[in-house]
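1. from the sequence below, what's the structure:
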Amino acid sequence: MEFLANDLSIHEQFDNPAEFRDALMNLMAVRALAKRFGRELHCNRRFINSTPIPDMPLQKAVGNFKEVSERRAIMVWLTRSGPFWDDIRQHGKDDWLECFGEIVTDTAVGEAAFRSLHGIKCGVVSVTPSDWLKTPLVVTWCPDHEGRDNRCSSVTNVWNVNSLEKVLQNAKKPTCSWEELREISAIRFPNLTFTSECFTPLSGVPFSKSAAERIIFLLGTLEHFACAFDEDGSRNTEGHKMYLDYFTGERALFSDSSNTEKQRFCNEMTFAHPENSSKRIFCPWHGKVARSNLRLHFSWPVEHGKSVYIVYVGPKITKR
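-> Below you'll find the predicted structure:
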């Protein structure tokens, strides 16, 4: 499970730097606990521009803290080390996300809801005291495409080490290597068929927890889609919604390669058939790992009673 620092929970509610210092050190303690569980507290690059005290931006308020070590640790996190969730942002600026009657697009709350709706478990950590000390946060996503219904997500919100520890103790451990990703995938997705070499292209690629989570999400979506059929073999209502959400439009999670790419990289996108060594299978359809050059290629179309072959997970094939 991922956690994002709730930027909305800083809203000029503090009277002086000393009060804000106590709140921010509580946030840093929560971040330290997350690290002990092998996780990160992601922030937005704009988090540092928030205003905790009227007429006093965060950076200036932190500059008033007495301890140099505290000032340095906070500023390194917010300006250099992150990690920054907007580097691997999942929702777009045109996605309508609403919570408590407030538009939360472009915020950590909106991002956490969008990730949760798309298979990546994600919560937020709020500053205390604030107007955001409630859990869960119910967020509504309003897709802008015809045929898509509004969807709601309940986002876990924590604001102290005790509440975070309870959540993390019950959460699955994060994936820590590409090899572990391969092992998890084979167990977790029984309706997908993985070729023996599909994860080999990841060899030599530096491991990324966020990329691994994204790949798991893509695989989970394909797993779900592979089962979204009625008994007569036609795609059911949920399958139709998934097709609209994930396989169509400019921001689709999965897409076909262009005709030019198919011609130029035909050999590279043709793989050994996982169930018949004498055959080859052309797989230009792929899922994208946001903010990276990693791709996941699979067989298409996805049909009732037929295997979905995962043939390639690795760097973008068509990159020159």
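2. burial count for residue 315?
-> Residues lying near residue 315 (other C-beta atoms under 10 Å) number 14. All C-beta spots, glycine's among them, are computed from the backbone N, C-alpha and C.
3. phi, psi for it please.
-> Taking degrees, to the nearest 10, you get phi -60, psi 150 for the backbone angles of residue 315.
4. that one bridge partners, please.
-> For residue 315, the beta-bridge partners under DSSP bridges are residue 294.
5. and the pLDDT at it?
-> Looking at residue 315, its pLDDT reads 94.
6. same deal with residue 31?
-> On the pLDDT scale, residue 31 is placed at 96.
7. and it, that's in a helix?
-> Yes - per DSSP: H, G, I helix; E, B strand; the rest coil, residue 31 lies within a helix segment.
8. nearest residue to it other than its sequence neighbours?
-> Spatial nearest neighbour of residue 31, excluding adjacent residues (C-beta to C-beta, 6 or more residues apart in numbering): residue 41 at 4.1 Å.
9. what is the burial count for the one you found?
-> For residue 41, using other C-beta under 10 Å, the count is 23.
10. so that it lines up with my notes, have the first residue be 340 from now on.
-> Renumbered: residue one is now 340, and that last one reads residue 380.
11. quickly list what it is bridged to.
-> Here residue 380, judged by DSSP bridges, has bridge partners residue 342.
12. now it: how far from residue 646?
-> 39 Å (C-beta to C-beta, to the nearest Å).
13. and what of residue 480?
-> Distance from residue 480 to residue 646, by C-beta to C-beta: 31 Å.
14. who's more crowded, these two?
-> Neighbour comparison, residue 480 and residue 646: the larger count goes to residue 480, with 23 against 14 (by other C-beta under 10 Å).
15. how near is that one to residue 558?
-> 22 Å.
16. likewise for residue 513?
-> 16 Å.
17. so the two - more neighbours on which side?
-> Neighbour totals were compared for residue 513 and residue 558, and residue 558 leads with 24 against 16 (other C-beta under 10 Å).
18. right, and the more buried one touches residue 528 too?
-> Yes - the criterion here is C-beta atoms under 8 Å, and residue 558 meets it with residue 528 at 5.3 Å.
19. kindly state the pLDDT recorded for residue 630?
-> With respect to pLDDT, residue 630 scores 66.
20. got phi/psi on the residue lying closest to residue 476 once chain neighbours are set aside?
-> Computed as C-beta to C-beta, 6+ apart, the closest residue to residue 476 that is not its neighbour in sequence is residue 494, at 4.3 Å. Per-residue torsions, residue 494: phi -90, psi 120 (degrees, to the nearest 10).
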